[in-house]
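Undergrad: can't give you the sequence, but here's the structure:
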RNA sequence: GCCGAAGUAGCUCAGCUGGUAGAGCAACGGUUUCGUAAACCGUAGGUCGUGGGUUCAAGUCCCAUCUUCGGCUCCA
């Protein structure tokens, strides 16, 4: 008999060879009905597989990530089965489950897949799901696997099998479709009740742009039709928060073909928002001991040759600007650090004055690939809340921790709770991509991890994500549609100080090399604003709102009083406007609500006579009447910058 | 940059198999002076992204190009 430990710690005995499904049934009928997969000693498996050793198990249903994983993995196979039935001879790449659904990369040859095609496949999938074909697992030898896909004529699968070790290869079959797969899968296709193929995209085979581009079909499935409906509804709602849509509706920013793609134009309201964020950061930085500096938008080419940026990015960048004097070349600055290094070098530095912290809202230009441009999150001209800290080696960790505090302060003040702190390390298999000695990299990577740990920050380490000159701690935040963006970043750099030959005189009267920390809590103002818009769906906190209130006279007769109220508010730095259009009050309220103005002050005969305002709050409605003095007190308190 | 899709008035969108552009909102003019989410009447507004081509005739078909969207690759 086997001892099977359940998640609650209880131990039950089963004969050797018991299946996960049998265990589920022994617990309850309901669990057996909803069971999708099982975790056995930490490994997720099919419910139909036999267990032959003592084990701790957990049975996964739709409510567990492990259950969804199997569900969507099986859905990918169901998709493949349907696709093959409708498009014979199609070749398959990989088809994994993802956070929301699954995708499958396929080579359709010269056939195309459109909207009608997707619908036909959905229909076929539904038909095949109804049959409830079991997923059959089979161990195969490498030889058998190669023979099967050679006969089938699927070069991608052959490539995958060639990279696998004999003895670890399994096939799964449902209906007429057999795939190379390590599983796990659902008991049968019948669990899949609601199916939607979402979109078609191109994707390079094995993620390498030198390889052929396959067709990737994204889809999602659910155990119930209602859940699919809810998901699609959620997607629609998310689209309403898209910063590109809200940016246009709220008149925050715009693009112009004449100005150029990826070059945002900040409209007055967007500029007001951005300016408030800058003020907020300036204050926080002054408090943290930073010195503001200003540097030009272009720099001599040799500056970037020295920094290494020219060699790394030169050819993929905006090309050098020529001047009438032959031989002069300037680059639009893609980074502020080289300029700041030159500021550091204006005079000899003493160990006593370190750390030197130079801060600048530096606008930089990068020639991003055209297909990468995306609203404000990926642009070709943007402003970083950049700063470079020049410090002694013994100060690195402490300085790094102070920067973490600053970044977290920003995130807290703006209500970003769902961020991921990512330690971005070198790709150990491709060290050519980076500059600098191994031991300096190891040291920098260690210092970042230690600083994060000592701050109690939960981090995920990702290899291959470092900058070419040093490792980073990146703060990642998701947008409305679940795409992940890097906002704040902190980087330890031992390399640029070498390249720029930065020095300080130590207590020993010898020359020493400082360490640089690059950091930008927002990252870029553009991207930060984009994510902020989506985060609050355009309902900015009062201290940031471009227009904090609209003053709405009941009729033209009260326009003068409204203007009087506005000028008093302006004296207290409250941002607002008088809606003096010849419209009814209902209309003015509606327009103010739609434009997400935080407060509306309705003024008519009653208010004008008593120096009062009727206060209405966005999304909440009428709050009643206050004296103007009381309202000013209230709003100035509410609108304080969170510092 | 690559694969695929889309571009019609300021905005959101209609325009079937080619017959010569339409709605709502916004704008402008007038009437109305109004108490918590859209007053009424009228006017004007488009080389249908751009450039070629096919045709008696192109928003509609073909080619090229630009931009946008969804992914991929990239992201100092």
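TA: Structure received. Being a predicted model, the structure only gives us computed values, none of them experimental.
Undergrad: Please name the bridge partners of the spatially closest residue to residue A:514 that is not a sequence neighbour.
TA: Nearest non-adjacent residue to residue A:514, counting by Cβ to Cβ, 6 or more residues apart in numbering: residue A:390, 4.5 Å away. (Each C-beta comes from the backbone N, C-alpha and C, glycine too.) Assessed by DSSP bridges, residue A:390 has beta-bridge partners residue A:356, residue A:516.
Undergrad: The stretch 501-643 of chain A against RNA strand B: which residues are in contact?
TA: A:554-557, A:581-587, A:589-590, A:593-594, A:600, A:602-607, A:614, A:616, A:619, A:621-622, A:625 (Cβ under 7 Å from any atom of the strand).
Undergrad: Which among these count as buried?
TA: Taking 16 or more other Cβ atoms under 10 Å as the criterion, what is buried in those is A:554, A:585, A:589, A:600, A:602, A:603, A:604, A:607, A:614, A:616.
Undergrad: quick one: the strands in the stretch 151-300 of chain A?
TA: Applying DSSP state E, counting those that start in this stretch to the stretch 151-300 of chain A gives strands spanning A:170-174, A:177-180, A:194-204, A:213-222, A:253-254, A:265-266, A:291-292, A:298-300.
Undergrad: Out of those, which gets nearest to residue A:378?
TA: Shortest distance between residue A:378 and the strands of the stretch 151-300 of chain A, using Cβ to Cβ, is found for strand A:253-254: 13.9 Å.
Undergrad: coming back round to it: farthest pair within the buried ones among the residues of the stretch 501-643 of chain A next to RNA strand B?
TA: A:589 and A:607 (15.0 Å).
Undergrad: Of all residues in the stretch 101-250 of chain A, which one is closest to RNA strand B?
TA: Distance from RNA strand B to each residue of the stretch 101-250 of chain A (Cβ to the nearest atom of the strand) is smallest for residue A:202, at 2.7 Å.
Undergrad: Identify the residues contacting that residue.
TA: Neighbour list for residue A:202: A:213, A:214, A:215, A:216 [criterion: Cβ atoms under 8 Å, 6 or more residues apart in numbering].
Undergrad: which of these tops the neighbour count?
TA: residue A:214 (22 neighbours; other Cβ atoms under 10 Å).
Undergrad: quick one, what contacts residue A:40?
TA: A:20, A:49, A:51, A:55, A:56, A:57.
Undergrad: Please pick the buried ones from the residues you listed.
TA: A:20, A:49, A:51, A:55, A:57.
Undergrad: Can you tell me which of those residues end up in strands?
TA: Cross-referencing those against strands under DSSP state E gives A:51, A:55, A:57.
Undergrad: Looks to me like residue A:360 is in a helix.
TA: No. Under the criterion used here (DSSP: H, G, I helix; E, B strand; the rest coil), residue A:360 is strand, not part of a helix.
Undergrad: Show me what it bridges to in the sheet.
TA: residue A:386.
Undergrad: Over to residue A:492?
TA: Going by DSSP bridges, residue A:492 forms beta bridges with residue A:517.
Undergrad: residues near it, how many?
TA: Neighbour count of residue A:492, defined by other Cβ under 10 Å: 29.
Undergrad: Mind telling me which residue of chain A is nearest RNA strand B?
TA: In chain A, the residue that lies nearest RNA strand B is residue A:371 (2.2 Å; Cβ to the nearest atom of the strand).
Undergrad: quick one: residue A:290 from residue A:388, how far?
TA: 10 Å (Cβ to Cβ, to the nearest Å).
Undergrad: okay, those two: which has more neighbours?
TA: In terms of neighbours (other Cβ under 10 Å), residue A:388 is the more surrounded of residue A:290 and residue A:388; the figures are 27 against 22.
Undergrad: could the strands of the stretch 151-300 of chain A be laid out in a markdown table, adding mean pLDDT?
TA: Listed next are the strands of the stretch 151-300 of chain A as a markdown table, based on pLDDT from 0 to 100:
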| stretch | mean pLDDT |
| --- | --- |
| strand A:170-174 | 95 |
| strand A:177-180 | 95 |
| strand A:194-204 | 94 |
| strand A:213-222 | 96 |
| strand A:253-254 | 96 |
| strand A:265-266 | 96 |
| strand A:291-292 | 98 |
| strand A:298-300 | 96 |
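Undergrad: Out of these, which gets nearest to residue A:309?
TA: For residue A:309, the closest of the strands of the stretch 151-300 of chain A is strand A:298-300, at 10.0 Å, according to Cβ to Cβ.
Undergrad: what comes into contact with the closest one?
TA: With Cβ under 8 Å, 6+ apart as the test, strand A:298-300 has contacts from A:321, A:328, A:329, A:330, A:331, A:332, A:333, A:338, A:339.
Undergrad: One more: stretch A:533-541?
TA: Here stretch A:533-541 makes contact (Cβ under 8 Å, 6+ apart) with A:240-243, A:246-247, A:249-250, A:252, A:273, A:414-416, A:477, A:479-480, A:532, A:546, A:596, A:598, A:618-619, A:642.
Undergrad: Kindly write the PyMOL command that selects the buried subset of the residues you listed.
TA: Filtering the contacts of stretch A:533-541 down to the buried ones (16+ other Cβ under 10 Å) takes a single PyMOL command:
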select buried, chain A and resi 241+242+243+246+247+250+252+273+414+416+477+479+480+532+546+596+598+618
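Undergrad: quick one: low-confidence ranges for the stretch 501-643 of chain A?
TA: Within the stretch 501-643 of chain A, no stretch has pLDDT under 70.
Undergrad: Quick check, central residue of chain A?
TA: residue A:484 (1.5 Å; Cα atoms, centre = their mean).
Undergrad: Can you verify my assumption that that one contacts residue A:478?
TA: Yes. When contacts are counted by Cβ atoms under 8 Å, residue A:484 is listed as touching residue A:478 (5.3 Å).
Undergrad: re earlier: show me the contacts of strand A:298-300 that map onto strands.
TA: Using DSSP E, the contacts of strand A:298-300 in strands are A:321, A:329, A:330, A:331, A:332.
Undergrad: Can you classify residue A:121 as helix, strand or coil?
TA: Under three-state DSSP, the three-state class of residue A:121 is helix.
Undergrad: can I see the domain layout of chain A?
TA: A:2-61, A:66-234, A:253-536, A:549-638 (automatic domain parsing).
Undergrad: so which of those domains gets nearest residue A:542?
TA: domain A:549-638 (5.2 Å).
Undergrad: which bits of the stretch 251-400 of chain A sit near RNA strand B?
TA: Contacts of the stretch 251-400 of chain A with RNA strand B, taken as Cβ under 7 Å from any atom of the strand, map to A:255, A:257, A:261-262, A:309, A:312-313, A:316-317, A:334-335, A:337, A:366-375, A:378.
Undergrad: Going through those, which ones are buried?
TA: Using 16+ other Cβ under 10 Å, the buried ones in these are A:255, A:262, A:309, A:312-313, A:317, A:334-335, A:337, A:366, A:368, A:374-375, A:378.
Undergrad: from the residues you listed, which has minimum pLDDT?
TA: pLDDT across those is at its lowest for residue A:317, which sits at 89.
Undergrad: Check what pLDDT the nearest residue to it once chain neighbours are set aside gets.
TA: Of all residues not flanking residue A:317 in the chain, residue A:367 sits nearest, at 4.9 Å (Cβ to Cβ, 6+ apart). Residue A:367 is assigned a predicted lDDT (pLDDT) of 96.
Undergrad: Spit out the contact partners of residue A:367.
TA: A:316, A:317, A:318, A:380.
Undergrad: Likewise for residue A:116?
TA: By Cβ under 8 Å, 6+ apart, residue A:116 has no neighbours at all.
Undergrad: Look up phi and psi at residue A:541.
TA: Main-chain dihedrals, residue A:541, degrees, to the nearest 10: phi -60, psi 150.
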